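[1] Build me a structure from this.
(chains A and B)
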Amino acid sequence: MEINRRTFMGMLGAAGLAAAVPKSQAEAWESKAKPDAFGCLVDLTRCIGCRKCEEACNAVNGLPEPKTDFEDATVFNEQRRPGEKAYTVVNRHFFEQGKDSGLAPTFVKMQCMHCQDPACASACMTGAMYKAENGAVVYDVSKCIGCRYCMVACPFEIPGYEYDKALSPRVMKCTFCFDRVTKQGELPACVGVCPVEAITFGRRRDLLSLARDRLSKDPDRYVEHIFGEHEAGGTNWMYISGVPFSKLGFPNVPDRPLPQLTESIQHTLFNYLWSPIVLFGILGGVMYMNKQKNKESADSRDGRPRRQT
Amino acid sequence: MSHSFQPVAKKFWTPGVIVLAAFMLAGLAAIIARLAGGLGYVTNLDQAHPWGLWISIDVVTGVALAAGGFTTSALAHIFGRRFYESITRPALLTAALGYTFVALGLLFDIGRSWAFWKPLVYHNYNSALFEVAMCVFSYLIVLYIEFIPVICERFKDRFPALGTLYNQMDRILWVFIILGVVLSCMHQSSLGTLMVIAPTKVHPLWYTPVLPLFFLLSAITVGYPMVVFESSLSTKSLKLKPEMHVLAPLVRITTVVLGLYLVLKLADMFIRGTTGYLFTGSAQSNAFLLEMVLGVIVPFVLLLFDQVRRSPRWLFIASTMIVAGVVINRVNVFLIAYAPQTSQQAYWPAVGEFALTAGLTATLIFLYRLAVTYLPVMPVEKEAIV
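    Numbers count the residues shown, from 1 in each chain, chains lettered A, B, ... in the order given. This next block holds a predicted model:
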């Protein structure tokens, strides 16, 4: 093993250069939220649990027939999750309402929240999950290798996986009807079919003012919380409700965008590969010096420890 | 190289090797079932638990336990402690085999195995997993290159061209030796970064932003104990002399890193205020206590004693505890600590998952045995130089 003086000096130079880079280039983490993105506002006080949204979703996306018929209300006896066979599901929750009126149900439609800074897209090693300009979090199966890290990363625990397919399983989740909205200028299937206008489609910032409007006009009807305004750094699907969200099966999610910490770690350490280059330079230097030392003292102890244990 | 290595002239088909072969057949059956029937057919993975035994043992633990490769090569080749050269080759072989099986395990775990090459074309620099994949892939190549001299040495008499290659390699090998250490530091730590994106799912006893530092430190910690563990087992099963004169001073370094790890772990717990979770009696708190007491505190205390470091048996016991501690830690972070809020049932690996993991491990040991029998990997036996 030979390291001559010139290579060594070269390495030191590269290391020095690399060490200078991060200070000027390491920028603070910035949200990649799309400024003019679409979103949906779900008003849980309006939903009647008709499951027309589920039916329309399955039809548009070519998903299989569900186990329980769309007309069959017994499906509400258990809590379901969106998964590989259904991009959206509606669950029912019962609450005491006043003294005399007994139990009143609240129906909750669940699907991908289309985060402004999606953890799944940040985690995906090939970029098969990505945030589109129109606000949708889109899955490109042609880049997917099936590592399922998106499922680990998602704080809303949404993406499903086709475990039963032997060779070409896919990650399955709501597409925000990406093609219908972008190419055909139509509404997402679930929004278009809803008979009680429980879901409003629009620009995210318009939806936020609509939500605030409803909350301020009818404070008795709603709890003071727009779910998705801040959760996980803000989501493009948002909810307002008459019942606290923690009682409706909504997961507890921090307000900061989940990719912020990991992306900061990755970029601080590895932008322009500065730290590996510096480490390479340092180790090269150490190796060179030890080589010289070993050459000078041929009768050295060969690094043998001073005292035997 | 001042040290010489030689093939081990011992009988190959021992009863132990035959047992290995049986496990290998079981693993092969699991692989066939996986490829024919899909992940759902052989695993208990579900929508809430996308990562199971294969990721936590075959991949994450596999990478950690192969750390003997870069820690010994750093010590002997970079920091110039040539006294330790005798252990570099067995460690290099373990690392090369270990990473080969990490790649194989990953290949069967990803749903679209045929698409394994796609990260080479499509890059997401935000993804810690992308970095891990690139580093593991590059390091595997580096390990194979570092192993070329071993092959050359064995066959250079029969093929003179290999002798020339051997001499040429000697001049550029330093690049790969350093590269191996750099790549290892990168992905050993980034394996910890993987779980930092899931604060709502990973139990607070383990979830910390400095998880990458803990993963790197524990990988460095486990490097030499893994060498002791393997050396003890192989000298015993091959009926060679224990290399105590090398192993005993080696673990002195381990004691220092292990102590540092312990201090940082405790500091992290107090800073984040997670001590309240320690004695709740839940599966997680018990698993954490087991990991810290059995895998860190007890071996640390043991290694402080001169008698422990002098005794082949006790050195083996302490080293095995450290190795077990790292295995438990990786399984804890990736399985036990992982509790999604919507999870309806706990995950327990299926028979097929155990079979594939056992099969891959058995194949690794089998190939190690094969390699030390036919290649110059084990140091030439000689009296300890004191």
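[2] give me the residue from the stretch 101-250 of chain B nearest chain A.
    Minimum separation of the stretch 101-250 of chain B from chain A (CB to the nearest CB) falls at B:Gly111, amounting to 2.6 Å. For every residue, glycine as well, the C-beta is placed using N, CA and C.
[3] pretty sure that residue contacts B:Thr43?
    No: between B:Gly111 and B:Thr43 there is no contact under CB atoms under 8 Å: 10.8 Å.
[4] Could you name every residue contacting both of those two?
    Common neighbours of B:Gly111 and B:Thr43, using CB atoms under 8 Å, 6 or more residues apart in numbering or on different chains, are A:Tyr163.
[5] and the residue of the stretch 101-250 of chain B closest to chain A, that one's in a strand?
    No: using DSSP: H, G, I helix; E, B strand; the rest coil, the secondary structure at B:Gly111 is coil, not a strand.
[6] what about it, how many residues close to it?
    By other CB atoms under 10 Å in any protein chain shown, the residues close to B:Gly111 number 25.
[7] which residues touch it?
    B:Gly111 makes contacts with A:144-148, A:161-163, A:165, A:168-169, B:38-39, as judged by CB under 8 Å, 6+ apart.
[8] A:Val89 now?
    A:54, A:80-82, A:109-110.
[9] run the last query once more with 10 Å
    Contacts for A:Val89 (CB atoms under 10 Å, 6 or more residues apart in numbering or on different chains) come out as A:51, A:53-54, A:57, A:66, A:75, A:79-83, A:108-111.
[10] Now do the strands in the stretch 101-250 of chain A.
    Using DSSP state E, counting those that start in this stretch, the strands assigned to the stretch 101-250 of chain A run over residues A:103-110, A:129-131, A:137-139, A:160-161, A:171-172, A:199-203, A:237-240.
[11] and the second one, anywhere near chain B?
    Meaning strand A:129-131. Yes: remark: strand A:129-131 sits within contact range of chain B at A:129-130, by CB under 10 Å from any CB of the partner chain.
[12] if you average pLDDT over that strand, what comes out?
    The average pLDDT within strand A:129-131 is 96.
[13] any idea how far B:Thr280 is from B:His203?
    In this view, B:Thr280 and B:His203 are 11 Å apart by CB to CB, to the nearest Å.
[14] for A:Asp213, same thing?
    41 Å.
[15] try B:Pro209
    15 Å.
[16] quick one, which of those two is more surrounded?
    B:His203 (20 against 16).
[17] Wait, the more buried one touches B:Ser282, no?
    Yes: when contacts are counted by CB atoms under 10 Å, B:His203 is listed as touching B:Ser282 (8.8 Å).
[18] and for these two, which residues touch both?
    Joint contacts of B:His203 and B:Ser282 (CB under 10 Å, 6+ apart) are B:288, B:339.
[19] quick one: contacts for the closest residue to A:Cys177 other than its chain neighbours?
    In space, and not counting its chain neighbours, A:Cys177 is closest to A:Pro188: 3.9 Å by CB to CB, 6 or more residues apart in numbering or on different chains. Shown in contact with A:Pro188 (CB under 10 Å, 6+ apart): A:38, A:40, A:53, A:56-57, A:60, A:88, A:111, A:136, A:174-178, A:180-181, A:199, A:201.
[20] Please repeat the previous calculation with a cut-off of 8 Å.
    Neighbouring residues of A:Pro188 by CB under 8 Å, 6+ apart: A:40, A:176-177, A:180-181, A:201.
[21] What distance do you get for it to chain B?
    Separation of A:Pro188 from chain B (CB to the nearest CB, to the nearest Å): 22 Å.
[22] tell me which residues in the strand or helix carrying A:Ser264 are buried?
    Assigned by DSSP states H and E, A:Ser264 falls within helix A:259-270. The neighbour-count check on helix A:259-270 (16 or more other CB atoms under 10 Å in any protein chain shown) flags A:259-263, A:265-267, A:269-270 as buried.
[23] What is the neighbour count of the closest residue to B:Ile78 other than its chain neighbours?
    Nearest residue to B:Ile78, sequence neighbours excluded (CB to CB, 6+ apart): A:Met287, at 4.6 Å. The tally of other residues near A:Met287 (other CB under 10 Å) stands at 22.
[24] Confirm for me that A:Met287 is in contact with B:Ile178.
    Yes: the pair A:Met287 and B:Ile178 qualifies as a contact (CB under 8 Å) at a distance of 6.6 Å.
[25] who touches both of the two?
    What both A:Met287 and B:Ile178 touch, as defined by CB under 8 Å, 6+ apart, is the set B:Ile78.
[26] how about the strands of the stretch 101-250 of chain A, which one is nearest B:Ile271?
    Nearest to B:Ile271, of all the strands of the stretch 101-250 of chain A, is strand A:129-131, at 33.4 Å by CB to CB.
[27] Note down every partner strand of the closest one and its orientation.
    Note on strand A:129-131: by DSSP bridges, its sheet partners are strand A:137-139 (antiparallel).
[28] and the partner strand, how far from the chain's centre?
    Taking CA atoms, centre = their mean, to the nearest Å, one finds strand A:137-139 lying 10 Å from the centre of the chain it belongs to.
[29] and it, average pLDDT?
    Mean pLDDT, strand A:137-139: 97.
[30] now stretch A:170-189
    On average, the pLDDT along stretch A:170-189 is 92.
[31] still on that earlier bit, could you list which of the contacts of A:Val89 also contact chain B?
    Residues of the contacts of A:Val89 in contact with chain B (CB under 8 Å from any CB of the partner chain): A:81, A:83.
[32] Could you work out the most separated pair of the contacts of A:Val89?
    Across these, no pair lies farther apart than A:Cys57 and A:Gln79, at 18.3 Å, counting by CB to CB.
[33] who's more crowded, these two?
    A direct count of neighbours by other CB under 10 Å for A:Cys57 and A:Gln79 places A:Cys57 higher, at 25 against 14.
[34] Confirm for me that the more buried one is in contact with A:Cys190.
    Yes: between A:Cys57 and A:Cys190 there is a contact at 5.3 Å, judged by CB under 8 Å.
[35] Any chance you could list residues touching both of these two?
    The contact sets of A:Cys57 and A:Cys190 overlap at A:88, A:111 (CB under 8 Å, 6+ apart).
[36] where in the chain is pLDDT low?
    In the absence of a named chain, this looks at chain A. Low-confidence regions of chain A, defined by pLDDT under 70, span residues A:1-27, A:96-102, A:297-309.
[37] Can you look at chain B instead?
    Along chain B, the parts satisfying pLDDT under 70 run over B:1-2, B:381-386.
[38] Determine the longest helix present in it.
    With DSSP state H setting the assignment, residue counts place helix B:160-193 as the longest helix in chain B.
[39] Any part of the next helix or strand after that helix near chain A?
    Downstream of helix B:160-193, the next assigned helix or strand under DSSP H and E is helix B:211-237. Yes: looking at helix B:211-237 against chain A by CB under 8 Å from any CB, the contacts come from B:Pro212.
[40] Taking helix B:160-193 as reference, get the angle to helix B:211-237.
    130 degrees (axes from the mean of the first three to the mean of the last three CA atoms, to 10 degrees).
[41] Pull out the buried residues from the next helix or strand after helix B:211-237.
    Heading C-terminal from helix B:211-237, the first helix or strand you meet, by DSSP H and E, is helix B:244-272. Neighbour-count burial for helix B:244-272 flags B:244-251, B:253-255, B:257-258, B:261-262, B:265, B:268-269 (criterion: 16+ other CB under 10 Å).
[42] ok, and of those, which contact chain A?
    B:245, B:248-249.
[43] pretty sure B:Met292 contacts B:Lys265?
    Yes: the pair formed by B:Met292 and B:Lys265 meets the contact definition of CB under 8 Å, at 7.1 Å.
[44] Verify the contact between B:Ser319 and B:Val228 for me.
    Yes: taking contacts as CB under 8 Å, B:Ser319 lies within contact range of B:Val228: 3.9 Å.
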